[in-house]
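Student: kindly generate the corresponding structure for this input.
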Amino acid sequence: MYTSVRNAPEVPPGDGDQAVAEQAAETAPRTSRRRRITGQVGGTVIAMGAVSFLTDASAEMVTAVLPLFLILQVGLTPLQYGVVDGVYQGATVLVRLVGGYLADRWRRPKIVCTVGYGLSAVTKLGLLGVGSAASTSFVLAVDRAGKGIRTAPRDAVIAAASRPALLGRAFGVHRTLDTAGAMLGPLLAFLVLLAVPGGYHPVFVVSFGVAVLGVAVLVLFVPDIRWKAYSMPLAFSTTSKAAEILPAAATVCAARPSALPAPSPRRRCRAGRTGLRGPHPCPPRRAGRRPWLSLLPWTPSLRSD
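Tutor: As a prediction, the model looks like this:
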């Protein structure tokens, strides 16, 4: 590297331009490939990926040492540990519905995400005071409840911050960072155990610090995305569709009366019955054409409206 232009050797203008062009041509494919992978998904997706990276690293630190901690230090039996593990794995089933409902109800998924990630972070310190199967199950259930609460709003934030054509890429980037954090967590846990043999509490403290860092990234770098409520019909209704179409059709017919043929009395009767063109008297049906109609109990309702 030359410290000044005075010390640089003289390069002919043509050769210098060609060298710069060749260097740009060599670096362009790598830069464009990197931009195609991560540059188009947006900063919100990257930030949510970083949050999941840190949170999953924290969660997997606990998961890696939890069996040893509960059996060797807390003193749980294998049966009790099986119950605790079942609660740990199944506590998110119903809470996921609650998280999605709250995100749609409040239309502020970031707040719901923050609550879920905050619960998971606090429970890391709660593990420092557990001493029985009941207290351990409660703390782990709260941790899994936080995971269930944040899952649906997190996906909603990623979907809202991504273009429809890049949804697969956005979720792919997020899952990559999420999985990388899950791989890093056990390594960090065993490094702490290597430095402090038998020190499960230091693992929980480090895990809490990593989780708090993830919550800080969420609060500082993820925007508070809001959306409006949309009211959609629950089912297809011909009456509602006709109510939308008929005003325009009435305007066209009023401007050009000869555009449509005059309706027959029977057609006007059907229109009056459905309320499309106003009430019209229905002419009586001729019983001679269908004599069996007079035998039916609903015949009077057919003859007059």
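
Student: what domains does the record give for this protein?
Tutor: 38-221, 259-285 (automatic domain parsing).

Student: most packed of those domains?
Tutor: domain 38-221 (a mean of 18; mean count of other Cβ atoms under 10 Å). All C-beta spots, glycine's among them, are computed from the backbone N, C-alpha and C.

Student: report all helices and strands that the helix or strand encompassing Ala189 contacts.
Tutor: According to DSSP states H and E, Ala189 maps onto helix 167-195. Contacts defined by 3 or more Cβ pairs under 8 Å, 6 or more residues apart in numbering; DSSP states H and E place helix 167-195 against helix 43-68, helix 133-160, helix 200-221.

Student: what's the least confident stretch among the domains of the chain?
Tutor: Per-stretch mean pLDDT for those is lowest at domain 259-285 (a mean of 50).

Student: related to what we said a few turns ago, closest to Leu166 out of the helices and strands packed on helix 167-195?
Tutor: helix 43-68 (8.9 Å; Cβ to Cβ).

Student: next SSE downstream of that closest one?
Tutor: For helix 43-68, the succeeding helix or strand toward the C-terminus, using DSSP H and E, is helix 78-90.

Student: picking that back up, out of the helices and strands packed on helix 167-195, which gets nearest to Thr92?
Tutor: When the helices and strands packed on helix 167-195 are compared by Cβ to Cβ, helix 133-160 sits nearest Thr92, at 3.5 Å.

Student: got the angle between the closest one and helix 78-90?
Tutor: 20 degrees (axes from the mean of the first three to the mean of the last three Cα atoms, to 10 degrees).

Student: check which helices and strands helix 133-160 sits against.
Tutor: Helices and strands touching helix 133-160, as assessed by 3+ Cβ pairs under 8 Å, 6+ apart, comprise helix 43-68, helix 78-90, helix 95-106, helix 109-126, helix 167-195.

Student: which residues does the closest residue to Leu218 other than its chain neighbours contact?
Tutor: Spatial nearest neighbour of Leu218, excluding adjacent residues (Cβ to Cβ, 6 or more residues apart in numbering): Val51 at 4.7 Å. Neighbouring residues of Val51 by Cβ atoms under 8 Å, 6 or more residues apart in numbering: 117, 214-215, 217-218, 222.

Student: residues in contact with stretch 133-150: which ones?
Tutor: Outside stretch 133-150, the residues touching it (Cβ under 8 Å, 6+ apart) are 59, 62, 70, 74, 76, 80, 83-84, 87-96, 98-99, 102, 112-113, 115-120, 122-124, 126-127, 129-130.

Student: circling back: now render the helices and strands packed on helix 133-160 as JSON lines, adding distance to Val139.
Tutor: JSON lines is the format used below for those (distance: least, Cβ to Cβ, whole Å):
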{"stretch": "helix 43-68", "distance to Val139": "10"}
{"stretch": "helix 78-90", "distance to Val139": "10"}
{"stretch": "helix 95-106", "distance to Val139": "15"}
{"stretch": "helix 109-126", "distance to Val139": "4"}
{"stretch": "helix 167-195", "distance to Val139": "17"}
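
Student: and Phe204, which of these is closest to it?
Tutor: helix 109-126 (5.3 Å).

Student: which secondary structure elements does the closest one contact?
Tutor: helix 43-68, helix 95-106, helix 133-160, helix 200-221.

Student: those helices: which one's closest to Val173?
Tutor: Nearest to Val173 among those is helix 43-68; the distance by Cβ to Cβ comes to 5.8 Å.
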